[in-house]
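**Student:** Here is the input, now give the coordinates:
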Amino acid sequence: MDVNSAANPGTIVESHRGEFVISTDPARLDLDVIHGFLTNCYWAKGIPREVVARSIEHSLCFGVYDSSGAGVPEQVGFARVVSDFTTVAYLGDVFVLKSHRGRGLSKWLMECIMQHPALQGLRRWILLTRDAHGLYTQFGFTPVKAPERYMELHNASVYEVEP
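**Tutor:** Just a heads-up that it's a prediction; the model follows:
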C-alpha cells in the first residue's frame with residue numbers, strides 16, 4: 001500500500017499476528033460485541049446501542065479479530081480514535097474481551113493505533129483511564145502536565161434511564 005493512500009483515514013489498514021488480525025475496516029465491526037461490552041463497562045454503563053453506532057460512524061475504529069474458530073473471525077477487541085487527523089486525537093473505548101486478555105492483544109492494538117499512517121505527526125493525544133495506566137505509559141502517555149488548563153463538561157448520568 002502506498003503511504004499517501006494509507007494516510008487517508010478511510011483507507012483500510014490491517015495487521016496480522018498468528019490467528020489474530022487488527023483491522024480498520026468498518027464493515028467487519030460487530031456492533032453486538034462492541035455495545036455488549038461498552039454498556040457494561042465503567043466508562044459507558046448503560047450506553048444506548050444507537051449511541052454506540054453513531055460514535056463508530058464518526059471515528060476511526062480498530063477491531064481485533066480471532067480467526068482460530070470455524071467460520072467468520074470473531075471480534076474480541078476494539079478501540080476508536082476521534083481526530084482531525086492533523087493536530088489532535090482522542091483515544092477511547094479501548095477493550096479486549098476478558099476471554100482473550102493476557103495474550104498481548106491490548107499492546108498490539110495500541111501499536112497499530114499509534115503506527116496508523118493517518119495518525120502521524122499529531123500534536124496531542126488525549127485519553128481517559130481508571131486502570132490501564134501501565135499500558136498507555138508504554139506508548140508515551142503521561143498524566144496531564146498542566147491540569148489547570150484543562151476543563152470539561154461531563155454529564156455522568158447521560159445514559160441513565162429513569163423508571
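**Student:** Low-confidence bits of this structure, can you list those?
**Tutor:** 1-6, 162-163 (pLDDT under 70).
**Student:** ok, and the closest non-adjacent residue to the residue nearest the centre of the chain?
**Tutor:** Among the residues of the chain, the one closest to the centroid is residue 79, at 1.3 Å (Cα atoms, centre = their mean). Once flanking residues are discounted, residue 79 sits nearest to residue 94: 4.2 Å by Cβ to Cβ, 6 or more residues apart in numbering. No exception for glycine: its C-beta is placed from N, CA and C like everyone else's.
**Student:** And for residue 36, the neighbour number?
**Tutor:** By other Cβ atoms under 10 Å, the residues close to residue 36 number 14.
**Student:** Now do the strands in this protein.
**Tutor:** 14-17, 20-23, 60-66, 74-83, 88-96, 124-127 (DSSP state E).
**Student:** Need the CA coordinates for the first one. PDB is fine.
**Tutor:** Listed next in PDB are the C-alpha coordinates belonging to strand 14-17 (Å, rounded to 0.1, in the frame of the first residue of the first chain):
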ATOM      1  CA  GLU A  14      -4.800  -4.400   8.600                       C
ATOM      2  CA  SER A  15      -2.100  -6.200  10.700                       C
ATOM      3  CA  HIS A  16      -1.900  -9.900  11.200                       C
ATOM      4  CA  ARG A  17      -0.300 -11.900  14.000                       C
END
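**Student:** Let me have the strands of the chain in a markdown table, adding distance to residue 138 as columns.
**Tutor:** Below are the strands of the chain laid out as a markdown table (distance: least, Cβ to Cβ, whole Å):
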| stretch | distance to residue 138 |
| --- | --- |
| strand 14-17 | 17 |
| strand 20-23 | 17 |
| strand 60-66 | 17 |
| strand 74-83 | 15 |
| strand 88-96 | 13 |
| strand 124-127 | 13 |
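**Student:** Could you say which of those strands is packed most deeply?
**Tutor:** Ranked by mean neighbour count, the strands of the chain are led by strand 60-66 with a mean of 23 (mean count of other Cβ atoms under 10 Å).
**Student:** So what angle separates the directions of it and strand 88-96?
**Tutor:** For strand 60-66 against strand 88-96, the angle by axes from the mean of the first three to the mean of the last three Cα atoms, to 10 degrees is 20 degrees.
**Student:** what angle sits between strand 60-66 and strand 74-83?
**Tutor:** On the basis of the same axes, to 10 degrees, strand 60-66 is oriented at 160 degrees to strand 74-83.
**Student:** Just to check, the residue nearest to the centre of the chain is in contact with residue 113?
**Tutor:** Yes. Contact criterion Cβ atoms under 8 Å: residue 79 and residue 113 qualify, at 6.0 Å.
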